[in-house]
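[1] Next one to model:
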Amino acid sequence: MRVNASTENESDSIETAFIDEYRGYKLYPFGLPSVLSLMFGKAFPSYSSYHYTMIGNYVVFAKNQSSLRSLINFCSAGRTLNKDRHYVKFAENLSENANFFVYSAVARSPRLYARQLESSLAKQVEKNTSLFRKFQSLALQFKGSGDLFYNNLCLKYNPVYKPEFNTLWDTELDTTLITPAYAGLNLLDSTDLYFMQDANFTIHLLDQHGKLIWSKPVGEKVLGKIHQIHANKAGNFRLAFVSEKHLFMIDEKGEFPENFPVTLKANATAGIGLICFSGKENPLLLVACDNLSIYNYKINGSIDTDWKTDRLKDTLRSEFIPFTCDGREMICFADEGKNLRLIDKKGNWIVKFKEKLPALYNNVFYLDIKKTLNASAVLVSDEKGIVYRYNFKGVYDKYELMPKVSKNYHFAFADIDNDKKGEFIFTDNNRLNVINKDKTIKFDFTFNSRIDGTAQLVVINDSTSKLAVSTKDEGLFLFDHNGALNRGISLAGKTPVSITAIDNKKYYFAVTTFGKRIMAHAIDNEPVPKEELIP
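    Here you go, the predicted structure:
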């Protein structure tokens with residue numbers, strides 16, 4: 001929200017300023033930025049612009065609105081010093097009264113210290129960041145009393161460093177989560193919902209604020225994804241998923257509808273395929289089983305006998321991927337024997353491929369859909385990292401992009417910069433490589449720990465995407481299309497992630513899980529203001 005603002009005695013010499021509003025707080029531009037450095041010294045560099053907001057009885061200044069929004073997120077989530085047990089213990093060493101009080105969370109501020117020092121010392125701070133983070137807090141107090149002047153300096157050592165993240169909300173459950181936080185929508189009020197399973201095989205539903213709505217034990221591990229189906233404006237919906245033995249549905253109240261769970265005809269080999277094409281018809285709920293049959297289930301749990309497709313030639317482990325091309329609605333999938341199948345929504349063949357796919361590493365393939373079906377293709381890779389583009393005429397092109405890959409590499413194909421071309425993405429041990437179709441390097445990155453799984457394209461809106469990569473020890477990384485790291489830091493969490501937004505989709509957050517926690521991390525999705533110093 002933006003509103004015009006000016007002083008009560010407005011004059012022609014004062015320009016009308018713009019005020020932003022974020023989560024109920026107004027963010028004001030500060031018209032005299034150089035005054036702060038004159039009053040408070042180097043702690044407030046003479047940037048060409050500052051912004052401020054009012055929280056309670058305090059006026060808070062920052063070099064940009066992004067920093068103020070971060071502070072508002074912390075305050076709104078109750079992550080303040082008076083609720084931090086480490087700070088409360090530390091404060092026992094401080095005087096209750098002081099004329100001047102400076103507190104610094106040393107572990108979280110190595111970059112702040114580096115900016116206050118000359119270049120040689122700043123480099124030493126950056127080089128020894130891990131050492132700095134073993135000191136939790138620094139406090140300095142000055143107090144004048146009569147002819148005397150007292151000072152108090154306290155430094156707290158704490159070798160356990162736990163970073164604080166800029167989040168919209170952060171919720172902790174009782175047990176470690178074993179699935180991502182899948183996103184749904186409450187059509188009653190158009191708010192986001194999140195559902196996931198924990199290690200006790202319990203399904204949890206959270207609302208847009210990360211508040212737990214209900215928990216439902218199901219007794220079996222989810223295979224593949226959890227889907228939301230049949231949502232309506234009355235607030236009704238169902239969650240649909242399969243275990244190895246059963247088809248489950250749970251309603252919006254956290255209860256099993258009549259007839260559920262349904263015992264499958266054979267053991268499921270892949271997650272349920274939810275296929276929702278245009279129109280008001282019921283979605284397809286496809287389940288591939290180890291008897292090499294694919295079944296389509298109705299909303300009441302019965303098998304749709306009108307939907308039939310040929311038996312599989314080998315076990316299906318990959319996903320069912322729906323798409324539309326040439327005005328036709330189709331479903332693509334491939335079994336472990338590299339047999340590619342393209343069918344319509346009734347199960348009929350659209351194209352019968354004479355040859356098998358040239359490769360199908362990790363049972364993963366990607367679609368590259370063009371204007372016509374003949375120009376469209378699937379992309380796969382082999383154990384050596386060679387990529388093949390296999391078009392729907394049965395002809396493939398070969399791309400040798402990586403000189404060498406390990407046995408644990410992962411391949412992805414995604415359009416990161418929305419140029420309709422797509423990029424080849426390799427994650428291997430601790431290395432990320434993003435390569436253009438012309439085989440030039442778009443960007444790469446080396447992590448300090450092993451990458452955990454495949455990189456994920458995270459669509460923010462129609463014009464912006466991020467690339468998400470999770471690592472074993474460093475957490476979650478979000479990159480823009482140029483390879484710049486979101487806010488310059490890693491986040492707590494792992495892939496896959498979901499996206500939520502507030503304030504009419506002006507500010508975006510990545511919803512991810514980390515152990516027992518579900519968090520909505522702030523995402524940079526606006527130009528970073530240039531920090532120009534006043535000469």
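[2] Report the buried residues of stretch 115-124.
    residue 122 (16 or more other CB atoms under 10 Å). Quick note: C-beta positions are derived from backbone N, CA and C, even for glycine.
[3] How is the protein divided into domains?
    By the record's domain assignment, the chain is partitioned as 2-76, 97-157 (automatic domain parsing).
[4] neighbours of residue 179, just the number please.
    19 (other CB atoms under 10 Å).
[5] How much space separates it from residue 221?
    When CB to CB, to the nearest Å is applied, the distance between residue 179 and residue 221 equals 9 Å.
[6] where do the contact lists of those two overlap?
    In the contact map built from CB atoms under 8 Å, 6 or more residues apart in numbering, the residues linked to both residue 179 and residue 221 are residue 197.
[7] ok, which stretches of the stretch 301-450 of the chain are strands?
    Counting by DSSP state E, counting those that start in this stretch, the stretch 301-450 of the chain forms strands over residues 321-325, 328-334, 340-344, 349-351, 366-368, 377-381, 387-391, 396-399, 410-414, 423-428, 431-435, 441-446, given from the N-terminal end onward.
[8] Nearest to residue 497 among these would be which one?
    strand 410-414 (14.1 Å; CB to CB).
[9] Low-confidence stretches in this structure?
    Across the chain, the ranges flagged by pLDDT under 70 are 1-18, 42-43, 161, 279-281, 525-535.
[10] Looking at it, which residue reaches furthest from the middle?
    In terms of distance from the mean C-alpha position of the chain, residue 147 ranks first, at 57.5 Å (CA atoms, centre = their mean).
[11] quick one: contacts for that one?
    By CB under 8 Å, 6+ apart, residue 147 has no neighbours at all.
[12] Now residue 176: closest residue in space that isn't a chain neighbour?
    Spatially, and ignoring its direct neighbours in sequence, residue 176 is nearest to residue 199 (4.8 Å; CB to CB, 6 or more residues apart in numbering).
[13] hmm, back to that, among the domains of the chain, which is nearest residue 329?
    Per CB to CB, nearest to residue 329 of those: domain 2-76, 41.2 Å.
[14] And residue 348, how far from residue 342?
    With distances defined as CB to CB, the gap from residue 348 to residue 342 amounts to 10 Å.
[15] Equivalent analysis for residue 292, please.
    Distance of residue 292 to residue 342, given as CB to CB: 18 Å.
[16] who's more crowded, the two?
    Under the neighbour definition other CB under 10 Å, residue 292 and residue 342 were set side by side, and residue 342 has more, 19 against 16.
[17] Enumerate every residue touching that one.
    Under the criterion of CB under 8 Å, 6+ apart, the neighbours of residue 342 are 330-332, 349-351, 353, 392.
[18] Buried ones only from the residues you listed, please, as a ChimeraX command.
    Command for ChimeraX, covering only those of these found buried under the criterion 16+ other CB under 10 Å:
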select :330,331,332,350,353,392
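[19] Just give me the closest of the contacts of residue 342 to residue 265.
    The shortest distance between residue 265 and any of the contacts of residue 342, using CB to CB, involves residue 331 and amounts to 19.8 Å.
[20] In this structure that closest one contacts residue 349, no?
    No: with contact defined as CB atoms under 8 Å, residue 331 and residue 349 do not form a contacting pair (11.0 Å).
[21] Is residue 92 part of a helix or strand, or is it coil?
    helix (DSSP: H, G, I helix; E, B strand; the rest coil).
[22] where along the stretch 101-250 of the chain do the strands fall?
    With DSSP E, counting those that start in this stretch applied, the stretch 101-250 of the chain shows strands at 135-145, 148-157, 167-172, 182-186, 191-197, 202-206, 212-217, 223-229, 238-242, 246-251, listed in chain order.
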